[in-house]
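Peer 1: with the input below, show me the fold.
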Amino acid sequence: MFTGIVEELGEVTGVEQLPNAARMTVRGPRVTEDAAHGDSIAVNGVCLTVVDVAGGEFGVDVVDETLQRSGMAKVQVGDRVNLERATAVGERLGGHIMQGHVDGTGVFLTRDPQGLATFAMPPALSRYLVQKGSIAVDGVSLTVAATSAEEFQVALIPTTLELTTLGRREPGDLVNLEVDVLAKYVEKLASAHLPGQAKEHHGGTEEWS
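Peer 2: This next block holds a predicted model:
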């Protein structure tokens, strides 16, 4: 489990294409301080399992399903990525509960001088967003300022812009989205009691193309 408080901005130092997968090496001195084989680290909001650690870098294998359902397939050597270790029991939950299971990809559209950023999202995800609710964008826990059928807005403070990839995004860039897991559970539990709704809204990940 993660909380969307990015610990450091890492850098991709290697990408090796494998059959139906990719092996990625990421530089992240802070998150590797106590990392070991089998630990979980969120890379741009995607929960990945550490397969090796050495010299402030760690390696992960990214399976084809993850490549297809997130923006990881477009990550290249030299790219900066948001990194967060799994939350330890007893720590403060500074953001919101996140699984590191990306629900789909969105597109960064604009950011005004006040830091209000607009993203396009798959329409099927919009039902999980509410004003003042939470969403994870590239693994960053953010509060929804406004939402419509195909777009949402979040306010990005200067610290977030400086210390995460969100300050480096250009219009048209893909971002990983994870909606509030509690909203998905509520929907599934409630749908059985709503006539005509039981067959709806059980889809998984959607990708913005």
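
Peer 1: in three-state terms, label residue 195 for me.
Peer 2: Of the three states, residue 195 takes coil according to DSSP: H, G, I helix; E, B strand; the rest coil.

Peer 1: list the contacts for it?
Peer 2: Neighbouring residues of residue 195 by CB atoms under 8 Å, 6 or more residues apart in numbering: there are none. The way it works is simple: take the backbone N, C-alpha and C, and place the C-beta from them, glycine included.

Peer 1: ok, now residue 121?
Peer 2: If you count contacts by CB under 8 Å, 6+ apart, then residue 121 has 104, 106, 129, 150-152, 177, 208 around it.

Peer 1: next, residue 107: phi, psi?
Peer 2: phi -130, psi 130 (degrees, to the nearest 10).

Peer 1: next: residue 185.
Peer 2: The phi/psi pair for residue 185 (degrees, to the nearest 10) is phi -70, psi -40.

Peer 1: now residue 193
Peer 2: The phi/psi pair for residue 193 (degrees, to the nearest 10) is phi -100, psi 10.

Peer 1: how close does it sit to residue 187?
Peer 2: Applying CB to CB, to the nearest Å, the value for residue 193 to residue 187 is 11 Å.

Peer 1: who's more crowded, these two?
Peer 2: residue 187 (16 against 8; other CB atoms under 10 Å).
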